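In: Next input, structure requested:
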Amino acid sequence: MNKLSIAFACLVISSTMAFAEGEAAAGKRDYVPYRGMRVTTEQQEFKVRTLMAKRNFNEENSLMEITVRFSMPIDPRTVNASTVLINGKKSGSNVIFNYGRKGESVRITIINADEDSFTIKFDGVESYKGDGLKETEFENIQNGTELILGRQ
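Out: Got it, this is the predicted structure:
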């Protein structure tokens with residue numbers, strides 16, 4: 001019985017030490033957990049990397065889909081009808097926001113888009129770390145527009 005107690009005590013001590021070493025190593029890591037992913041803590045500028053626009057049609061509606069990819073994950077709470085201005089106005093009920101799985105992109109779908117050209121202004125969009133967006137306004141967005149502003 002005594003040998004079993006000693007073996008159990010050694011097991012507990014070794015697992016506790018391994019846990020403590022893991023915690024110390026975790027403090028040195030260069031990423032933070034965000035929405036189930038590992039996101040870098042490296043200081044970088046929050047900006048738009050790419051912007052692509054495509055017009056689609058279905059039986060009932062004309063759709064303009066504008067996909068915006070950012071340099072880091074966005075805070076989805078800051079992308080809404082009042083922070084995304086289309087042609088100088090708040091986004092209405094005809095605008096739908098869909099977010100990418102990694103949180104770095106948003107697809108803005110404008111239903112019954114009658115205009116040929118759009119201007120989008122981001123006012124108050126933030127990253128997951130709370131950084132404000134650098135570029136805020138993009139003009140003359142049409143079907144087939146592709147803006148590559150930063151490295152992929």
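In: Could you check how many residues crowd around S91?
Out: For S91, the count of nearby residues is 19 (other C-beta atoms under 10 Å). Yep, even glycine has a C-beta here, placed from its N, CA and C like the rest.
In: just checking, it touches V84?
Out: Yes - counting by C-beta atoms under 8 Å, S91 does reach V84; the two are 5.1 Å apart.
In: Strands along this structure, start to end?
Out: 31-34, 37-40, 48-57, 62-70, 84-86, 89-90, 95-99, 105-111, 118-122, 137-141, 146-148 (DSSP state E).
In: Identify the contacts common to S91 and V84.
Out: Applying C-beta atoms under 8 Å, 6 or more residues apart in numbering, one finds that S91 and V84 are jointly contacted by I108.
In: what sits against the nearest residue to F138 once chain neighbours are set aside?
Out: Closest residue to F138 apart from its sequence neighbours, by C-beta to C-beta, 6 or more residues apart in numbering: I120 at 5.1 Å. Contacts here follow C-beta under 8 Å, 6+ apart; on that basis I120 touches 66, 68, 84-86, 108, 137-138, 141.
In: picking up where we left off before, the strands of the chain: which one's closest to L4?
Out: Nearest of the strands of the chain to L4, taken as C-beta to C-beta: strand 31-34 at 38.8 Å.
In: coming back round to it: who wins on neighbours among the contacts of I120?
Out: V68 leads the contacts of I120 on contacts (other C-beta under 10 Å) with 24 neighbours.
In: what stretches of this protein score poorly on pLDDT?
Out: Where the chain drops to pLDDT under 70, the residues are 1, 7, 9-12, 14-43, 150-152.
In: just to revisit the earlier point, so for N2, which of the strands of the chain sits nearest?
Out: strand 31-34 (43.5 Å).
In: Adding distance to F8, write the strands of the chain out as a markdown table.
Out: Listed next are these as a markdown table, based on distance: least, C-beta to C-beta, whole Å:
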| stretch | distance to F8 |
| --- | --- |
| strand 31-34 | 33 |
| strand 37-40 | 35 |
| strand 48-57 | 55 |
| strand 62-70 | 52 |
| strand 84-86 | 60 |
| strand 89-90 | 65 |
| strand 95-99 | 49 |
| strand 105-111 | 51 |
| strand 118-122 | 59 |
| strand 137-141 | 64 |
| strand 146-148 | 61 |
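In: wouldn't R107 be in contact with R101 here?
Out: No - R107 is not in contact with R101 according to C-beta under 8 Å; the separation is 11.9 Å.
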